[in-house]
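> The sequence isn't on hand, but the structure is:
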């Protein structure tokens with residue numbers, strides 16, 4: 001992706017220096033009298049000093065400005081990752097003899113091209129097909145349950161997989177490993193990402209939550225939208241102080257905090273089918289109903305007057321989201337076991353409708369009304385989930401009840417499926433072809 005981006009911006013006339021190293025960033029308050037900061041770059045063996053009115057830090061985990069300005073903030077989410085790439089595809093369709101399971105996809109090759117998550121207590125493992133014949137395998141685990149020292153070297157990672165995901169490990173034994181990487185405590189936060197002193201921080205250089213739902217691209221897209229808007233308006237002579245303040249709060253207090261709540265303290269329950277299914281349903285509903293709608297309306301997202309009108313509904317959603325994540329964090333021990341369980345949460349038609357509707361073009365007024373309606377609908381989704389998992393919690397803090405239609409969809413697509421799968425049946429026997 002980065003290589004393609006580098007090629008694209010060159011065709012647009014952007015000066016792009018690859019293979020360079022930033023050796024110094026000197027920020028002048030308010031850009032000094034001439035509006036200039038300076039950046040020193042080592043390029044092709046020579047030092048170059050570049051003056052600019054704006055400096056944007058997109059340095060990734062190097063986090064040059066965040067570290068230089070002392071903006072890093074501790075996050076109590078101590079998760080580590082290790083990953084490797086191998087020289088062939090993984091066909092997870094071979095992992096079960098059950099024809100019913102194999103026939104859930106249209107073709108035996110579909111699963112080769114799908115990203116898969118293998119979930120267990122305190123961890124998940126990704127299987128991601130890459131082009132060409134390459135697959136990425138990653139371990140992501142809570143330090144409290146799976147210390148990084150148990151998989152921070154290649155031999156340890158392979159042994160860890162043999163212990164926790166033997167089918168995955170057995171397929172790895174048939175491949176050639178191309179590389180191996182480790183990242184400890186990958187979550188980071190930042191006190192500020194946009195400044196009236198004419199600097200901005202975007203992407204992982206500022207704040208990063210967790211890869212479970214792959215939110216990085218959305219963060220980068222929305223952040224870069226804000227950065228571009230701030231700078232173009234500033235260069236046009238517009239006062240941008242209010243805009244900078246709003247965008248900074250939106251990224252850190254809404255985007256980052258909303259996303260971060262989904263992970264804090266929840267890794268220990270990733271092996272629970274009921275937990276992970278309802279977590280997925282809630283994530284899909286709020287992502288399509290709130291975040292997706294905003295992402296697909298960047299013009300309105302930059303309309304401060306409109307966003308100030310929508311903000312009370314976003315705050316209403318944030319409070320609801322926090323309540324749901326507290327429920328997931330304090331997940332009740334229910335003692336249920338499931339066998340041969342398959343849940344198609346997209347069969348909850350009202351939730352799936354959010355996915356198809358989020359790209360509908362909306363006027364300012366329609367967007368405001370849509371967000372308000374979606375928050376109310378999310379209250380109904382939350383009510384349906386809490387009534388099944390934690391009904392006592394609705395006594396002191398009631399929510400908008402699910403409509404009879406939505407309650408029926410949950411019953412058919414979720415509750416009946418879970419109840420029917422509670423009988424104890426020997427698990428599938430793994431096979432390899």
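Looks like it arrived, so ask away. The structure presented is a predicted model; accordingly, all values stated were derived computationally and were not measured.
> Please state the backbone phi and psi of residue 284?
Main-chain dihedrals, residue 284, degrees, to the nearest 10: phi -60, psi -40.
> Surely it and residue 355 touch.
Yes - here residue 284 reaches residue 355: they are 7.3 Å apart, a contact under C-beta atoms under 8 Å. No exception for glycine: its C-beta is placed from N, CA and C like everyone else's.
> ranges for the strands of the stretch 101-250 of the chain?
Under the criterion DSSP state E, counting those that start in this stretch, strands of the stretch 101-250 of the chain are mapped to 116-120, 123-130, 134-142, 177-183, 189-190, 194-195, 199-201.
> Count the neighbours of residue 1 for me.
When neighbours are counted by other C-beta atoms under 10 Å, residue 1 registers 6.
> whoops, I mixed them up, residue 330
11.
> Let me know the pLDDT of it.
Among the per-residue scores, residue 330 holds a pLDDT of 93.
> Contact partners for it?
Counting by C-beta atoms under 8 Å, 6 or more residues apart in numbering, residue 330 makes contact with nothing.
> higher neighbour count, residue 284 and residue 355?
Ranked by neighbour count (other C-beta under 10 Å), residue 284 and residue 355 place residue 284 first, with 20 against 15.
> Can you pull out the low-pLDDT segments for the protein?
Counting by pLDDT under 70, the chain contains low-confidence ranges at 30-35, 423-433.
> Would you confirm that residue 193 contacts residue 202?
Yes - contact criterion C-beta under 8 Å: residue 193 and residue 202 qualify, at 7.1 Å.
> what is in contact with these two at once?
In the contact map built from C-beta under 8 Å, 6+ apart, the residues linked to both residue 193 and residue 202 are residue 223.
> The two: who's more crowded?
Neighbour count, other C-beta under 10 Å: between residue 193 and residue 202, residue 193 has more, with 26 against 23.
> Phi, psi for that one please.
The phi/psi pair for residue 193 (degrees, to the nearest 10) is phi -120, psi -20.
> so how far is residue 406 from it?
38 Å (C-beta to C-beta, to the nearest Å).
> same thing with residue 185?
As judged by C-beta to C-beta, residue 185 and residue 406 stand 40 Å apart.
> List the contacts of the residue nearest to the spatial centre of the chain.
Relative to the mean C-alpha position of the chain, the nearest C-alpha, by C-alpha atoms, centre = their mean, is the one of residue 215, at 2.4 Å. Going by C-beta under 8 Å, 6+ apart, residue 215 touches 209, 259.
> again, but for residue 323
Applying C-beta under 8 Å, 6+ apart, the residues contacting residue 323 are 382, 397.
> Would you list the phi and psi of it?
phi -60, psi -40.
> which of residue 185 and residue 406 has more neighbours?
The neighbour count for residue 185 versus residue 406, taken as other C-beta under 10 Å, is higher for residue 406 (19 against 14).
> And the one helix or strand the more buried one maps to, what's buried?
Using DSSP states H and E, the element containing residue 406 is helix 404-410. By 16 or more other C-beta atoms under 10 Å, the buried positions in helix 404-410 come out as 406, 407, 409, 410.
> of all those, which two lie farthest apart?
407 and 409 (7.3 Å; C-beta to C-beta).
> Could you export the buried residues of helix 404-410 to TSV, including columns for distance to residue 23?
Listed next are the buried residues of helix 404-410 as TSV, based on distance: C-beta to C-beta, whole Å:
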residue	distance to residue 23
406	58
407	62
409	59
410	58
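> hang on, the earlier thing: so how far is residue 317 from the residue nearest to the centre of the chain?
Taken as C-beta to C-beta, the span from residue 215 to residue 317 is 16 Å.
> Tell me if I'm right that residue 98 and residue 339 touch.
No - assessed by C-beta under 8 Å, residue 98 is found out of contact with residue 339, at 11.2 Å.
> mind pulling up the phi and psi values for the closest residue to residue 44 other than its chain neighbours?
Using C-beta to C-beta, 6 or more residues apart in numbering and skipping residues adjacent in sequence, the residue nearest residue 44 is residue 19, 7.8 Å away. Dihedral angles phi and psi of residue 19 (degrees, to the nearest 10) take the values phi 60, psi 40.
> which residues touch residue 267?
Neighbours of residue 267 in contact, by C-beta under 8 Å, 6+ apart: 79, 122, 123, 141, 142, 145.
> Identify the residues contacting the fifth one.
With contacts defined as C-beta under 8 Å, 6+ apart, residue 142 is in contact with 78, 79, 122, 123, 267, 268.
> got a list of contacts for stretch 284-304?
In contact with stretch 284-304 (C-beta under 8 Å, 6+ apart) are residues 213, 218, 221-222, 225-226, 229, 242-243, 246, 258, 306-307, 314, 317, 321, 345, 351, 354-355, 357-359, 361-362, 364, 367, 370-371, 374-375, 377-378, 381.
> Which helix or strand lies directly C-terminal to the helix or strand hosting residue 310?
Taking DSSP H and E as the definition, one finds residue 310 inside helix 304-329. Next helix or strand after helix 304-329 toward the C-terminus (DSSP H and E): helix 349-357.
> Residue 131 versus residue 310, what's the distance?
39 Å.
> Compare these two (neighbour count), which wins?
The residue with more neighbours, out of residue 310 and residue 131, is residue 310; 22 against 6, by other C-beta under 10 Å.
> I figured the more buried one was touching residue 365, is that so?
No - look at residue 310 against residue 365 with C-beta under 8 Å: they stay out of range, at 11.0 Å.
> Residue 132: neighbour count?
Residues near residue 132, counting by other C-beta under 10 Å: 6.
> Let me see the contact set for the residue nearest to residue 256 when sequence neighbours are not counted.
Closest residue to residue 256 apart from its sequence neighbours, by C-beta to C-beta, 6+ apart: residue 207 at 4.8 Å. With contact taken as C-beta under 8 Å, 6+ apart, residue 207 is in contact with 188, 189, 190, 193, 219, 251, 252, 256.
> Make a markdown table from these and add distance to residue 24 to it.
Below are the contacts of residue 207 laid out as a markdown table (distance: C-beta to C-beta, whole Å):
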| residue | distance to residue 24 |
| --- | --- |
| 188 | 23 |
| 189 | 25 |
| 190 | 21 |
| 193 | 21 |
| 219 | 27 |
| 251 | 27 |
| 252 | 27 |
| 256 | 29 |
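> any idea which element the closest residue to residue 289 other than its chain neighbours lies in?
Setting aside the residues directly before and after it, residue 289 is nearest to residue 374 in space (C-beta to C-beta, 6+ apart), at 3.8 Å. Using DSSP H and E, residue 374 falls within helix 364-389.
> can you pull the buried residues of that helix?
Of all the residues in helix 364-389, those buried under the rule 16+ other C-beta under 10 Å are 367-368, 370-372, 374-375, 377-387, 389.
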